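Here's a sequence, model it:
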Amino acid sequence: MQKEQLASCWLAYVEVKGPYGDNYQPALETLFLWAGKHGLSGGQCIFVYMDDVETTPPQDCRTRVGLSVPEGTHVEGSIETMFLPGGDYATLRKMITDSSQYPQYWQQLQQEIAETGDYQFDVERPCFELYHSVDEENDICDTSICIAVK
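Numbering: from 1, shown residues only. All right, here's what the predicted structure looks like:
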């Protein structure tokens, strides 16, 4: 775990409702098709988790499958924009080789934050996965799990 000061950014996103991890591929395809048509496919891919899995039924959990874009980017259809606030985040960077690894790394980071006693969870800002790179051919994602702290 590291503590990092992350910059704020704007995201174009497609929202997916349902259990975390389900039905992301159609949202990614929609987002990247739109981004490609508008010359924006070079942004950073970020999945923002809007609901607490401990208190929200799985079918009501919302994920914003996003791509960083310049402020003021015009969107249409199922694409929306949001401001992702920066600030202090506890991060855990991993090479993900199977989607089943995500929950264990989220739990690991939450446990490490709780055990240090140095940080408090900042529930005013969302947590997210930041994708540094994706090797689709080998199904490997260089991913940082980011939890807002204060």
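
what ranges of the chain fall below the confidence cut-off?
Under the criterion pLDDT under 70, no range of the chain is flagged.

Report the contact partners of the most centrally placed residue in it.
Nearest residue to the geometric centre of the chain (Cα atoms, centre = their mean): Phe47, 2.4 Å. Phe47 makes contact with Tyr24, Thr63, Arg64, Val65, Gly66, Phe128, Glu129, Tyr131, according to Cβ atoms under 8 Å, 6 or more residues apart in numbering. Using the backbone N, CA and C atoms, a C-beta is placed for each residue, glycine as well.

Next: Glu112.
With Cβ under 8 Å, 6+ apart, Glu112 has these contacts: Met1, Ala90, Leu92.

roughly how far apart are it and Ala90?
Noted for Glu112: a distance of 7 Å to Ala90, by Cβ to Cβ, to the nearest Å.

swap in Pro57?
Taking Cβ to Cβ, one finds Pro57 at 26 Å from Ala90.

Turn the contacts of Glu112 into a markdown table, including secondary structure and neighbour count.
Below are the contacts of Glu112 laid out as a markdown table (DSSP: H, G, I helix; E, B strand; the rest coil; neighbours: other Cβ atoms under 10 Å):
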| residue | secondary structure | neighbour count |
| --- | --- | --- |
| Met1 | coil | 18 |
| Ala90 | strand | 23 |
| Leu92 | strand | 18 |
